[in-house]
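**Q** Build me a model from this:
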Amino acid sequence: MTEKKVRVRFAPSPTGPLHIGGVRTALYNYLFARKQGGDFLLRIEDTDQNRFVQGAEEYIMESLRWCGIQWDEGPGKDGPHAPYRQSERKDLYRQYAMQLIDSGNAYYAFDTAEELETMRKRIEAEKGNAQYDATTRGSMKNSLTLNKVETVSMLESGAPYVVRYKMPENEEVVMQDIIRGTVKVNTSQLDDKVLFKSDGMPTYHLANVVDDYLMEISHVIRGEEWLPSLPLHVLLYRSLGWESSMPQFAHLPLLLKPDGNGKLSKRDGDRLGFPVFPLMWNDPKSGEISSGYRESGYFADAFVNMLALLGWNPGTDQEIFSMEELVEAFSLERVGKSGSKFDPAKATWFNHQYLLKSENKDVASLFDLILKDRGIHEPIEKITRIVSLVKDRVNFVHEIWEQSAFFFNAPESYDEKTVQKKWKEDTPDILFQVIDILKNLEPFTIDSIDKALHDYMEQHEVGAGKLMIALRLSLVGAGMGPDLKEIMVLLGKEEVIGRIDRAVRIIGK
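**A** Residues are numbered from 1 along each chain as shown. This next block holds a predicted model:
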């Protein structure tokens, strides 16, 4: 018997922006497929038209592309199992709902919203479990309590109905989960879930199982929130005669709030100041704009690397992984059962690491766009040199401006604390003497500047701290910045002399 080819799917609903927990689910599916030489499918589960949000599908696909998660089959990349939007597959599902009714595993239910509410209140008053199940179905309006003639009459009259799964009574369902091991649930705890509605649309449960079967999905890797649905899905495979083709299941742990108390939500990001979506999202209904990792300045590779380690442990001390290395190292067996706390500071740390290991010229190209937005046009070679001096001080490309603005604009003010502490009565005389030395200095290089300043301090018995801080204050406007001689060379002789002269005249007033 040949082993079944690995085929996995990420199946989001276009009901809003993609949460980073969803991105992680897609990533784990992708890594697993690539590791096993299998296929990764993207399927849009848009059966719930009431919750459909304009632009959400495009947002999901753009998010995956930004992360480098490429699907082998899906929207825009049709394969043998197209279409990949459930709304375009709706004619498929009715036959399977009818098959379940014909086999006695499902039934028509004609209960109105009022009748369902009456049932719930009655059961709650009796301190029971208020759900539509084996104990309550016998007192409701359905094809189990109506005779065949009455049922046909209701259907022919166009009465609204749903098709419910007929949950077996008091049966223990034993399931295997790659991450959680053996899971057992008694059907007495489960309700008769709706599978199909009279508007011709299936619910998630039926569409999910039918599509996974027809698309030959070998492994269902999804979030922990779907674990309660697993017994129903396993029973549906059995009831439809597909038990031998049933995929293996793996339910991923939750992403938790930074304090570990509960599932990470958008509200947590808003409250603590970090994104919970991969890309910025503009809600078409409310107009509310939510921040995204891309727009916040994160490298896609850093974002993916960070997400991969939220729930999966490589078993080594390695923290920085390329996508290729993640594929090589990934296994579902090393995904934990317990939730993973999201750490915003660690996310920033990952971006810093990726910034450090990026080529200076690549970072310079990104920074150049920021400079051009500010109306600043400089040779890329100069920008690259500046990036090399300051990138270890920042976490994001956009922060380079804060550390390097003085390279492009002369200071308009001078740090008061540094002036008070370090600017002495003889500082102007010292700086004017240094100007005279610099005027005649050729060539104007790091080595020549270093020697000239060193010789001056030795001859005039001026301390390095006294001269260097006064120079830095003159050139930068503060007591910060990279190597002073590097700054001077990049600014050029004329600009350096002009800035020193200006500082003496303003501070020395």
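**Q** what residue ranges in the stretch 301-450 of the chain score low on pLDDT?
**A** By pLDDT under 70, the stretch 301-450 of the chain has no low-scoring segment.
**Q** That one: strands as residue ranges?
**A** 340-341 (DSSP state E, counting those that start in this stretch).
**Q** Repeat that for the stretch 51-200 of the chain.
**A** Counting by DSSP E, counting those that start in this stretch, the stretch 51-200 of the chain has strands at residues 106-109, 162-165, 172-177, 181-186, 194-197.
**Q** so of these, which one's packed in deepest?
**A** Ranked by mean neighbour count under mean count of other C-beta atoms under 10 Å, those are led by strand 162-165, which reaches a mean of 25. In short, each C-beta sits where N, CA and C put it, glycine included.
**Q** could you dump that one to CSV, C-alpha only?
**A** Taking Å, rounded to 0.1, in the frame of the first residue of the first chain, the C-alpha atoms of strand 162-165 are listed here in CSV:
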residue,chain,number,x,y,z
VAL,A,162,-32.0,23.0,8.6
VAL,A,163,-30.4,19.6,8.3
ARG,A,164,-29.0,18.5,11.7
TYR,A,165,-26.6,15.7,12.4
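**Q** How far does stretch 14-26 sit from its chain's centre?
**A** 7 Å (C-alpha atoms, centre = their mean, to the nearest Å).
**Q** If we go by neighbour counts, what in that stretch is buried?
**A** For stretch 14-26, burial by neighbour count (16 or more other C-beta atoms under 10 Å) applies to 14, 16-26.
**Q** average model confidence for stretch 69-86?
**A** Mean pLDDT, stretch 69-86: 95.
**Q** Could you give me the buried positions within it?
**A** Within stretch 69-86, the residues that count as buried by 16+ other C-beta under 10 Å are 69, 71-75, 81, 84-86.
**Q** and the residue of the chain most remote from its centre, which of the three is it?
**A** Taking C-alpha atoms, centre = their mean, the residue of the chain most remote from its mean C-alpha position is Gln459, at 59.9 Å. Following DSSP: H, G, I helix; E, B strand; the rest coil, the label given to Gln459 is helix.
**Q** Of the buried residues of stretch 14-26, which pair is most distant in space?
**A** Pro14 and Arg24 (18.5 Å; C-beta to C-beta).
**Q** Only C-alpha atoms, please: export stretch 182-197 in CSV.
**A** Extracted in CSV, the C-alpha atoms of stretch 182-197 (Å, rounded to 0.1, in the frame of the first residue of the first chain):
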residue,chain,number,x,y,z
THR,A,182,-5.7,10.2,22.5
VAL,A,183,-8.8,12.3,23.0
LYS,A,184,-12.0,10.8,24.2
VAL,A,185,-15.5,12.4,24.2
ASN,A,186,-18.9,10.9,25.0
THR,A,187,-21.6,11.8,22.5
SER,A,188,-24.0,12.5,25.4
GLN,A,189,-22.1,15.8,25.8
LEU,A,190,-22.6,16.8,22.2
ASP,A,191,-25.5,18.5,20.4
ASP,A,192,-27.1,17.8,17.0
LYS,A,193,-25.1,20.4,15.0
VAL,A,194,-26.6,22.1,12.0
LEU,A,195,-25.0,20.9,8.8
PHE,A,196,-27.0,22.5,6.0
LYS,A,197,-29.5,25.4,5.7
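**Q** From the chain's centroid, how far away is stretch 205-214?
**A** With C-alpha atoms, centre = their mean, you get 26 Å for stretch 205-214.
**Q** same thing with stretch 249-265?
**A** Going by C-alpha atoms, centre = their mean, where stretch 249-265 is centred and where its chain is centred differ by 13 Å.
**Q** in that stretch, what's buried?
**A** Buried residues in stretch 249-265, counting neighbours by 16+ other C-beta under 10 Å, are found at 249-258, 264.
**Q** same check, this time on stretch 221-241
**A** Buried residues in stretch 221-241, counted by 16+ other C-beta under 10 Å: 221-224, 226-227, 229-237, 239-240.
**Q** Among those, which lie within strands?
**A** When the buried residues of stretch 221-241 are checked against strands (DSSP state E), the matches are 221-223.
**Q** Return the member of those residues nearest to Ala345.
**A** Among these, Gly223 lies closest to Ala345 (C-beta to C-beta), at 24.5 Å.
**Q** Hmm, Leu254 and the closest one touching each other?
**A** Yes: assessed by C-beta atoms under 8 Å, Gly223 is found in contact with Leu254 at 7.2 Å.
**Q** tell me the pLDDT at Arg43?
**A** pLDDT recorded at Arg43 is 98.
**Q** and if you look at Lys509?
**A** Reported pLDDT for Lys509: 66.
**Q** With Thr2 instead?
**A** With respect to pLDDT, Thr2 scores 54.
**Q** Same check on the one 5 residues further on?
**A** Confidence at Arg7, expressed as pLDDT, is 98.
**Q** And the one 3 residues further on, by the same measure?
**A** The predicted local distance difference test score for Phe10 is 98.
**Q** Can you name the residues that contact it?
**A** Taking C-beta atoms under 8 Å, 6 or more residues apart in numbering, we find Phe10 in contact with 22, 25-26, 29-30, 40-43, 64, 71.
**Q** Adding distance to Asn305, write those residues out as a markdown table.
**A** Listed next are the contacts of Phe10 as a markdown table, based on distance: C-beta to C-beta, whole Å:
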| residue | distance to Asn305 |
| --- | --- |
| Gly22 | 17 |
| Thr25 | 16 |
| Ala26 | 15 |
| Asn29 | 17 |
| Tyr30 | 14 |
| Phe40 | 19 |
| Leu41 | 24 |
| Leu42 | 22 |
| Arg43 | 26 |
| Leu64 | 16 |
| Trp71 | 20 |
